[in-house]
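# Pasting the sequence and the predicted coordinates here, then a few questions.
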Amino acid sequence: MAFREIAATEIREVLRAWQAGAGLRRLAAQAGWTVRTPRRYLAAAVEAGLTGDGGVAQLASIIHAATGPVHHLDTTLMPTKPHEPVSALYP
């Protein structure tokens, strides 16, 4: 079986659906996963403090705590002119 990278947005949607009352089989079917995959993410989220009735604010705070602060794009090494090649930045 091939490994498929799962986007954070997919995980967030599965956790939101779980909070709304969806079961493991429904979560797996909607996401296109096996039942084991949402079970693992739910176990980690519950261990981090997520509850079924916690709401979106609780989910957001747990995701923020797990992923850390959002880093913005560092534009200091970006070309100053659109036509300037990136290789010009590294002599």
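In hand now; what should we look at?

# now for the helix or strand of the chain with the lowest mean pLDDT, which elements pack on it?
Between all helices and strands in the chain, the lowest mean by mean pLDDT, DSSP states H and E belongs to helix 55-67, at a mean of 79. Counting contacts by 3 or more CB pairs under 8 Å, 6 or more residues apart in numbering; DSSP states H and E, the secondary-structure elements packed against helix 55-67 are helix 8-19. C-beta: built from backbone N, CA, C; applies to glycine.

# Against which helices or strands is the helix it packs on packed?
Checking 3+ CB pairs under 8 Å, 6+ apart, helix 8-19 ends up next to helix 24-31, helix 36-47, helix 55-67.

# could I get these as JSON lines with mean neighbour count and distance to F3?
Supplementary listing: the helices and strands packed on helix 8-19 in JSON lines, determined by neighbours: other CB atoms under 10 Å; distance: least, CB to CB, whole Å:
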{"stretch": "helix 24-31", "mean neighbour count": "15", "distance to F3": "16"}
{"stretch": "helix 36-47", "mean neighbour count": "15", "distance to F3": "12"}
{"stretch": "helix 55-67", "mean neighbour count": "13", "distance to F3": "21"}
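
# Just send these back as JSON lines, with distance to A17 too.
Formatted as JSON lines, the entries for the helices and strands packed on helix 8-19 read as follows, by distance: least, CB to CB, whole Å:
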{"stretch": "helix 24-31", "distance to A17": "6"}
{"stretch": "helix 36-47", "distance to A17": "9"}
{"stretch": "helix 55-67", "distance to A17": "11"}
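
# out of these, nearest to I11?
Among the helices and strands packed on helix 8-19, the nearest to I11 by CB to CB is helix 36-47 (5.5 Å).
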